[in-house]
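> Turn this into a structure:
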Amino acid sequence: MKRTLTFLTLCGFETMLVIAFATCAALAQETTPSYDIASPPACQNNKGEPVRFENQISPKAESAAGMARRDDKGAPVIYRFAYAKSPQSLQKFIDRHECAHHQTGDIDRPHPPRNSPDHMMNESIADCIAILRMRDETTDSQAQIQNVTMALRQAMDVVGFPPSTIDSRISNIDNCAQKSITAVEFIKAVLDHRATN
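This is a model prediction of the structure:
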């Protein structure tokens, strides 16, 4: 009888642990923020082709990410990953950053090695175009830019970028936001420069 009571006590304790673990897991899922997915912006590549946006499921991604490319039929596309995991300000910035890769013709040029100076320049240009568009397309541009830089800093930190890389990217975005040029003018200058080099 004593063994039966000990066994039942242990089983009851294990059941309580399982229930407690399940409750904690459910609470953790409830506290993970989920955001509405922003509508994609208008986007055409440098050849005048419309760019399609496509949401992709990415359960392992910790924040929103995007990829600009041509699909298997050769049509320009931007794949949007895990957008519901990041605020709309970051989603909008990523959409415009990836659109910029189409607008400047990056997609149809040989892709430079990752983290090479040419690759980093392409990324800086895309960031600049994205923040210029956000600045020019919104009435509360200062708040939008602050929201983007905060969300971007947090997302890059979670992924594991070093603080110096994060600071450099944020500094570029802040400097671009102060330019007295529109995104359209900036894109034209990039295309003109590339045509002559």
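> which residues of this structure fall in helices?
2-31, 88-103, 117-137, 141-159, 163-177, 183-196 (DSSP state H).
> which parts of the last one are buried?
By that I understand helix 183-196. Residues of helix 183-196 classed as buried: 183, 186-187, 190 (neighbour count, 16 or more other Cβ atoms under 10 Å). The C-beta positions use only the backbone N, C-alpha and C, and glycine is treated the same way.
> picking that back up, deepest in the core, which of the helices of the chain is it.
Ranked by mean neighbour count, the helices of the chain are led by helix 88-103 with a mean of 25 (mean count of other Cβ atoms under 10 Å).
> so how far is it off the chain centroid?
8 Å (Cα atoms, centre = their mean, to the nearest Å).
> what does the average pLDDT come to for that helix?
Mean per-residue pLDDT for helix 88-103: 97.
> contacting residues around stretch 39-51?
53, 68, 75-78, 80, 92, 95-96, 99, 102-105, 107-108, 133, 137, 187, 191 (Cβ atoms under 8 Å, 6 or more residues apart in numbering).
> Restrict that stretch to CA atoms and write it as PDB.
Presented in PDB, the C-alpha positions along stretch 39-51 are these (Å, rounded to 0.1, in the frame of the first residue of the first chain):
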ATOM      1  CA  SER A  39       1.100  45.600 -48.000                       C
ATOM      2  CA  PRO A  40       4.000  45.600 -50.500                       C
ATOM      3  CA  PRO A  41       5.000  48.800 -52.100                       C
ATOM      4  CA  ALA A  42       4.900  49.600 -55.800                       C
ATOM      5  CA  CYS A  43       8.100  48.200 -57.400                       C
ATOM      6  CA  GLN A  44       9.500  48.000 -60.900                       C
ATOM      7  CA  ASN A  45      13.000  47.000 -61.900                       C
ATOM      8  CA  ASN A  46      15.400  49.000 -63.900                       C
ATOM      9  CA  LYS A  47      13.900  47.500 -67.100                       C
ATOM     10  CA  GLY A  48      10.300  48.600 -66.200                       C
ATOM     11  CA  GLU A  49       9.200  45.100 -65.300                       C
ATOM     12  CA  PRO A  50       6.800  44.900 -62.400                       C
ATOM     13  CA  VAL A  51       8.200  43.100 -59.300                       C
END
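> Show me this structure divided up by domain.
1-32, 52-196 (automatic domain parsing).
> Could you tell me the least trusted of those domains?
Among those, domain 1-32 scores lowest, with a mean of 41.
> Please name the residues that touch the most centrally placed residue in the chain.
Among the residues of the chain, the one closest to the centroid is Ala65, at 3.5 Å (Cα atoms, centre = their mean). With contact set as Cβ under 8 Å, 6+ apart, Ala65 has these partners: 58, 81-82, 94.
> beta partners for it?
Legend: beta-bridge partners of Ala65 under DSSP bridges are Phe81.
> what's the neighbour count on the nearest residue to Glu137 once chain neighbours are set aside?
Leaving aside its sequence neighbours, Glu137 sits nearest to Pro41 (Cβ to Cβ, 6 or more residues apart in numbering; 7.6 Å). Residues near Pro41, counting by other Cβ atoms under 10 Å, number 16.
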